[in-house]
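1. Show me how the following folds:
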Amino acid sequence: MVGTDKKRALVLIADGTEEMEAVITIDVLVRAGIEVTVASANPSESTTESVKCSRGVRIMPDTHLSALPIPTPSDSDKAYFYDVLMIPGGGPGAKTLAASDTVHKFVQAHFSQPDVLLAAVCAGPIVIKASGVARGAQVTSHPSVKDELKDYFEYQDDVKGDAIVVKDETMNILTSRGPGSTFELALRIVQELYGKEAMEAVRAPMMFP
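-> Next up is the predicted model:
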C-alpha cells in the first residue's frame, strides 16, 4: 500500500461507459493501494449483471449504487463517504449516470464534503452538472460535450501537456479530456490523496515513455 492511511474510491459505471476510462482509473488507484468500489448505476438496479461498455467490453461491478447507503450532506458517519468519487465518460454511459436520481444524491453528498475529491473525464462532467453542484467550477471535458458545459462551468478549452488535467482548487474537482488522458487523471488522483512522491512510485513501473 502506498501512503500512510487507506483511502477509498467509488467509481460509477453504466452501459455505454468508456471502458478505458473506467479500467485505467481502477487499475492505477488499486496500484496505489486505494480501495476501489465499482458501482453500476444501470436502471435495472441488478447487483449481479455486468455492464456493457462503449466498445462491448463487459465489466462486472462490485455492486449496484442503489445497494450502497446514500450519505447526506449532514451525515456525521464519515464511513458512508469515499475519499474520491470518479465519473468516467462515454456518451451513453454518462447520460445514464446524469439521469439517475441516486447518482445525483451521491454526487451532492460528496461535493458537500471539503475533503472529498470529485473526478470526471470525457463526458463525465455532465453528471456533475446534472447533479446541480459546482456551478462556475473550472473544468474541461471531451470536446463533444463542451457546448453542454460551457454556460454552467468555467470551461477550460485546448488543455494539453502538463495541463491536461484541470483542477478547481476551490471546489476540489479534477477533470480531463478523454481516454488518452485518463492515465494522467488517475495519477493525479493518487497525487491528491497521497502526495507526489507516492504518485511517482506508482507511475515509474508503468514505463511511460
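2. where does this structure have low pLDDT?
-> Low-confidence segments of the chain, defined by pLDDT under 70: 1-4.
3. Start from the N-terminal end of it and give the helices.
-> Assigned by DSSP state H, the chain shows helices spanning 19-31, 91-98, 101-111, 125-130, 146-149, 182-194, 196-203.
4. Could you list which residues are in contact with Thr140?
-> Contact analysis of Thr140 by Cβ atoms under 8 Å, 6 or more residues apart in numbering lists Pro125, Tyr155, Gln156, Asp157, Val159, Val166, Thr175, Ser176, Arg177. The C-beta positions use only the backbone N, C-alpha and C, and glycine is treated the same way.
5. Only whichever of those residues are buried, select them in ChimeraX.
-> Typed into ChimeraX, the line below selects the buried ones among those, using 16 or more other Cβ atoms under 10 Å:
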select :125,155,156,159,166,175,176,177
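6. Put together a markdown table for the contacts of Thr140, with distance to Ile70 on each row.
-> Below are these laid out as a markdown table (distance: Cβ to Cβ, whole Å):
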| residue | distance to Ile70 |
| --- | --- |
| Pro125 | 22 |
| Tyr155 | 30 |
| Gln156 | 31 |
| Asp157 | 35 |
| Val159 | 33 |
| Val166 | 28 |
| Thr175 | 24 |
| Ser176 | 27 |
| Arg177 | 30 |
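7. Looking at the contacts of Thr140, which are in strands?
-> Members of these lying in strands (criterion: DSSP state E): Tyr155, Val166, Thr175, Ser176.
8. Verify the stated contact: Asn42 with His64.
-> Yes - counting by Cβ atoms under 8 Å, His64 is a contact partner of Asn42 at 7.4 Å.
9. Over to stretch 126-140 now: how far is its first residue from its last?
-> End-to-end distance of stretch 126-140 (Cα to Cα, to the nearest Å): 11 Å.
10. do stretch 58-70 as well
-> In stretch 58-70, first residue to last residue: 26 Å (Cα to Cα).
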